[in-house]
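Colleague: Sequence and computational prediction follow.
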Amino acid sequence: MLVAGNISHDILVRPVEEFRWGASNWVDHFGEDMGGNGSNSSFAMARLGLRARLVGKVGRDSRGDGVLAKLNGAGVDTRWVERSEGPTTTTIVIMNRAGERQFIQHIGSSAEVFPEPYEFPAGVVEGMTHYHQANIFSLPNWRRHGGEQVRRARAAGLTTSVDTGWATDGRWVETLGPALPHCDLLLINEDEARATTGRTEPDEMACALRAMGASDIVLKLGARGCVVYEDGGTTHLPGHVVEAVDTTGAGDCFAGALFAALSRGMGLVEAARVANAMGAMAVSRIGATAGVTDWERTLEFARRHPVGECRPR
């Protein structure tokens with residue numbers, strides 16, 4: 001699996017229920033860890049036994065060193081991650097008790113990566129069969145040519161997938177639309193699909209996305225699980241019951257587990273069941289990848305934990 005996306009150092013603060021200027025907030029947790037859609041997804045893939053290679057950019061600073069050390073420790077191939085003279089992207093993740101979060105980000109090295117569509121040199125593609133573009137809205141340069149980068153990946157002989165993320169500039173169709181005809185699998189959550197299509201029902205969202213060129217779709221519904229749209233069929237897979245602490249990175253871990261399961265020969269629906277389990281494990285811990293474990297423990301979680309809706313702690 002070749003993964004491209006943003007790479008971040010996260011500062012984690014919980015819980016904060018409101019902001020009041022000129023006052024102090026006392027919190028129970030303050031920590032630091034790796035974040036970023038590209039790094040989170042590839043980390044989860046590698047921990048679950050999938051050979052993962054990451055392309056992106058971090059700074060030549062201690063935060064960049066720390067992120068790369070964590071990725072390498074999980075088995076992610078980071079040889080093609082570039083280093084910037086600017087600082088590593090850093091995000092303050094502020095959570096409330098329900099697990100909802102707000103990001104305050106200094107974009108740093110993420111502003112520089114992929115100034116032009118990636119060329120997919122032979123050394124990067126060697127041994128890879130699939131390209132995953134993690135959060136097409138996360139990098140400023142992808143807002144101009146993210147679709148072209150997906151097209152080039154397919155031209156390089158790779159199957160392709162795109163995870164969406166949130167379009168802070170509101171240019172949903174302009175950014176995502178050009179990628180969809182070249183995308184074998186789209187991962188998108190309910191809010192993102194609603195903003196992209198203007199539709200309110202999952203089936204209507206999927207129909208509109210397919211009209212834009214999407215093929216297979218996994219629509220993430222948060223605590224309600226996901227819906228798989230594949231070959232004209234529709235399967236709703238409910239989520240697992242856990243206490244949600246931090247939703248940061250849950251979609252990235254979901255993606256990592258989905259592709260790890262697909263690489264083991266599972267069909268898309270069965271792979272999505274595994275992904276639901278990993279998503280639930282992710283939201284039960286503070287930090288984007290703190291809930292990620294190995295393949296066997298993930299399957300054990302899926303077998304033992306009932307399905308339903310996540311509960312806020």
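Modeller: Now that the structure is in, tell me what you want to look at.

Colleague: Now do the strands in the stretch 101-250 of the chain.
Modeller: Assigned by DSSP state E, counting those that start in this stretch, the strands in the stretch 101-250 of the chain fall at 101-106, 130-134, 159-163, 185-189, 216-220, 226-230, 233-237, 239-240, 243-244.

Colleague: So for residue 6, which of these sits nearest?
Modeller: Ranking these by proximity to residue 6 (Cβ to Cβ) places strand 130-134 first, at 7.5 Å. Every residue, glycine included, has its C-beta placed from N, CA and C.

Colleague: ok, now which ones touch the residue nearest the centre of the chain?
Modeller: Centroid check for the chain by Cα atoms, centre = their mean gives residue 252 as the closest residue, at 2.7 Å. Contact analysis of residue 252 by Cβ atoms under 8 Å, 6 or more residues apart in numbering lists 37, 40-41, 44, 134, 163, 288-289.

Colleague: Reformat those as JSON lines; add secondary structure, pLDDT and distance to residue 54.
Modeller: JSON lines is the format used below for the contacts of residue 252 (DSSP: H, G, I helix; E, B strand; the rest coil; pLDDT from 0 to 100; distance: Cβ to Cβ, whole Å):
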{"residue": "37", "secondary structure": "helix", "pLDDT": "97", "distance to residue 54": "11"}
{"residue": "40", "secondary structure": "helix", "pLDDT": "98", "distance to residue 54": "10"}
{"residue": "41", "secondary structure": "helix", "pLDDT": "98", "distance to residue 54": "9"}
{"residue": "44", "secondary structure": "helix", "pLDDT": "98", "distance to residue 54": "12"}
{"residue": "134", "secondary structure": "strand", "pLDDT": "97", "distance to residue 54": "9"}
{"residue": "163", "secondary structure": "strand", "pLDDT": "97", "distance to residue 54": "14"}
{"residue": "288", "secondary structure": "coil", "pLDDT": "95", "distance to residue 54": "15"}
{"residue": "289", "secondary structure": "coil", "pLDDT": "96", "distance to residue 54": "13"}
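
Colleague: which one of the residues you listed sits closest to residue 303?
Modeller: Nearest to residue 303 among those: residue 44, at 19.2 Å, using Cβ to Cβ.

Colleague: Does the nearest residue in space to the closest one that is not next to it in sequence lie in a helix or a strand, and which?
Modeller: Leaving aside its chain neighbours, residue 44 sits nearest to residue 256 (2.5 Å; criterion: Cβ to Cβ, 6 or more residues apart in numbering). Assessed by DSSP states H and E, residue 256 sits inside helix 250-263.

Colleague: backbone phi and psi for the spatially closest residue to residue 107 that is not a sequence neighbour, please?
Modeller: The shortest distance from residue 107 to any non-neighbouring residue, by Cβ to Cβ, 6+ apart, is to residue 89 (5.8 Å). The phi/psi pair for residue 89 (degrees, to the nearest 10) reads phi -50, psi 130.

Colleague: Repeat that for the one 4 residues further on.
Modeller: As for residue 93, its main-chain torsions (degrees, to the nearest 10) stand at phi -100, psi 110.

Colleague: Mind pulling up the pLDDT for it?
Modeller: Note on residue 93: pLDDT of 95.

Colleague: go on, residue 307?
Modeller: 85.

Colleague: Identify the bridge partners of it.
Modeller: Taking DSSP bridges as the rule, residue 307 bridges to residue 240.

Colleague: can you check residue 101 too?
Modeller: residue 95.

Colleague: Run a quick check on it versus residue 250, I expect a contact.
Modeller: No. Between residue 101 and residue 250 no contact is recorded; they are 10.1 Å apart, counting by Cβ atoms under 8 Å.

Colleague: Now do residue 213: how many residues are near it, please.
Modeller: 16 (other Cβ atoms under 10 Å).

Colleague: correct me, but it touches residue 176?
Modeller: No. Counting by Cβ under 8 Å, residue 213 does not reach residue 176; the two are 9.8 Å apart.

Colleague: Farthest-apart pair in the contacts of residue 252, please.
Modeller: Farthest apart among the contacts of residue 252 by Cβ to Cβ are 163 and 289. That separation is 15.4 Å.

Colleague: Settle it for me: which of these two has more neighbours?
Modeller: residue 163 (29 against 25).

Colleague: so who does the more buried one touch?
Modeller: Taking Cβ under 8 Å, 6+ apart as the contact definition, residue 163 lies against 37, 41, 132-136, 187-188, 251-252, 255.

Colleague: Can you tell me who it pairs with across the strands?
Modeller: Under the criterion used (DSSP bridges), residue 163 bridges to residue 187.

Colleague: what about the helix holding residue 256, distance to the chain center?
Modeller: 9 Å (Cα atoms, centre = their mean, to the nearest Å).
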